[in-house]
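>>> Kindly return the folded structure for what I paste below:
(one chain, ligands or ions: 1)
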Amino acid sequence: AIVPPQDVDADLKPRPAVVTVMGHVDHGKTSVLDALRKTEVVRGEAGGITQHIGAYQVTTDNGQKITFLDTPGHAAFTSMRSRGAKVTDIVVLVVAADDSVMPQTVEAIHHAQAAGAPIIIAVNKIDKPDADPSRVKQDLLQHNIVVEEMGGEQLVVEISALKGTNLDSLVETIVLQAELMDLKANPDRTANGTVIEAQLEQGRGAVATVLVQGGTLKVGDIFVSGATWGRVRALVDEHGARLDAAEPSRPVEVLGYQDAPSAGDDFIVVDSESRAREVAEVRARRMKNHLASQGGR
Ligand code: GDP
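Predicted structure coming up:
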């Protein structure tokens, strides 16, 4: 087995928070992610055409960075968690002010709690005439989520993703929560991370969005990832720009995979191609045997 290098405290440096947006269907997850991404695009990225890469990083007015995982599906979150991949630091739970707490809201609360990720409540759609944020806060009480005005400590922001209301407060609240967590990683070593999503693309081959969690990933690095391996041919950010390197908490498209990995697979830089090939082959064989034993039952 291969494991990422152990870090000592002295090597750790601050890293951006990784945030997942969750919530009941139609409560506005996609709208929140889009609204937050647009603020960034307006800040002057060339062309402003963002491609979908499964995650993106924004820079706040104070220069702080936040990474958003653009996979607002509980399925992706669950599959990663069940495979032991801890990717998210903070969960933003979107609850529509006109609909309040719904089954997938509760499910998301359970996911976040099980993952040990603090929750920030974003009461969305406050622009709607029938919006009732107080009811949302009341309903959340049943799930042990107590907001400040009810004597608790739960961070909550009332927003309208549609009108762009209070999105800056949401960002500030995320930054505040992140500061409380004192998130750190060692950027000065070979990289490891987790696959957020992957696919085969015509003309580009197997492509994966990888969240770098430790170390710095560089073009030319050789890696093992799930049951496959590769050599980094190019690193591409959410704006389509090529990067020379990717530091902790940076999501980046990795080109150079031999085969497509799966979401939730690990990603570890190793020192040689022979080592990468060997580890990937052992893992592939083990996976095949596992599938065969399941099928034979
Ligand atoms: P998701 O399923 O949670 O990703 O929800 P979407 O982001 O797709 O939003 C569902 C619907 O709610 C869409 O029609 C959005 O335009 C609408 N919506 C999202 N946010 C707001 C908001 O702040 N105000 C209003 N009025 N509508 C919103």
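>>> who in the stretch 1-150 of the chain is up against the ligand?
Taking Cβ under 6 Å from any ligand atom as the contact definition, the stretch 1-150 of the chain meets the ligand at 23, 25-31, 72, 124-125, 127-128. To be clear about C-beta, it is placed using only N, CA and C from the backbone, and glycine gets the same treatment.
>>> Can you list which of those are found in strands?
23, 124 (DSSP state E).
>>> Lowest pLDDT pick from the residues of the stretch 1-150 of the chain next to the ligand?
Least confident by pLDDT among these: that is residue 72, with 54.
>>> one step back: any of the residues of the stretch 1-150 of the chain next to the ligand buried? List them.
Buried by 16 or more other Cβ atoms under 10 Å: 23, 27-29, 31, 72, 124-125, out of these.
>>> will you turn these into CSV that also has distance to residue 101?
Supplementary listing: these in CSV, determined by distance: Cβ to Cβ, whole Å:
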residue, distance to residue 101
23, 10
27, 10
28, 14
29, 15
31, 19
72, 18
124, 13
125, 14
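>>> Pull the most distant pair out of those residues.
Greatest spacing in these, by Cβ to Cβ: 72 and 125 (15.8 Å).
>>> what ranges of the chain fall below the confidence cut-off?
When residues are selected by pLDDT under 70, those of the chain lie in 39-52, 71-77, 81-82, 84, 296-297.
>>> which residue is nearest the centroid of it?
Centroid-nearest residue in the chain, with Cα atoms, centre = their mean: residue 69, separated by 3.1 Å.
>>> How about the contacts made by that one?
Residue 69 makes contact with 18-21, 54-55, 87-88, 196, 211, 251 under the criterion Cβ atoms under 8 Å, 6 or more residues apart in numbering.
>>> the helices in the protein, which residues?
29-42, 74-82, 103-115, 133-141, 167-181, 273-295 (DSSP state H).
>>> Who is residue 236 paired with across the strands?
Per DSSP bridges, the residues bridged to residue 236 are residue 242, residue 253.
>>> related to what we said a few turns ago, any chance of the residues of the stretch 1-150 of the chain next to the ligand in TSV, plus distance to residue 258?
As requested, those are arranged in TSV below (distance: Cβ to Cβ, whole Å):
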residue	distance to residue 258
23	37
25	36
26	39
27	40
28	39
29	33
30	33
31	37
72	30
124	42
125	45
127	49
128	50
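>>> What are the buried residues along stretch 99-115?
Going by 16+ other Cβ under 10 Å, stretch 99-115 has these buried residues: 99-102, 104-105, 107-109, 111-112, 115.
>>> Other residues contacting that stretch?
Stretch 99-115 is contacted by residues 22-27, 74, 77-78, 81, 86, 88, 91, 93, 95, 118-119, 125, 132, 135-136, 139-140, 142-143, 145 when judged by Cβ under 8 Å, 6+ apart.
>>> if you set the cut-off to 7 Å instead, what comes out?
22-25, 27, 74, 77-78, 81, 86, 88, 91, 93, 95, 119, 135-136, 139-140, 143, 145 (Cβ atoms under 7 Å, 6 or more residues apart in numbering).
>>> Mind giving me the ChimeraX select for the residues you listed, buried ones only?
Entered in ChimeraX, the line below selects the buried ones among these, by 16+ other Cβ under 10 Å:
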select :22,23,24,27,74,77,81,88,91,93,95,119,136,139,140,145
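>>> Tabulate the helices of the chain (a markdown table), appending distance to residue 192.
Shown next, in a markdown table, are those (distance: least, Cβ to Cβ, whole Å):
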| stretch | distance to residue 192 |
| --- | --- |
| helix 29-42 | 26 |
| helix 74-82 | 15 |
| helix 103-115 | 19 |
| helix 133-141 | 36 |
| helix 167-181 | 20 |
| helix 273-295 | 13 |
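>>> Please identify which of these is closest to residue 8.
Once those are compared by Cβ to Cβ, helix 167-181 is nearest, at 19.6 Å.
>>> Show me what the closest one is packed up against.
In terms of contacts (3 or more Cβ pairs under 7 Å, 6 or more residues apart in numbering; DSSP states H and E), helix 167-181 is packed against strand 17-23, helix 29-42, strand 90-96, strand 119-124, strand 155-158.
>>> which two from the contacts of residue 69 end up farthest apart in space?
Pairwise over those, using Cβ to Cβ, the maximum falls at 21 and 211, 15.0 Å.
>>> Tell me what the closest residue in space to residue 182 that isn't next to it in sequence is bridged to.
The spatial neighbour of residue 182 that comes closest, neighbours along the chain excluded (Cβ to Cβ, 6 or more residues apart in numbering), is residue 14 at 7.8 Å. Per DSSP bridges, the residues bridged to residue 14 are residue 184.
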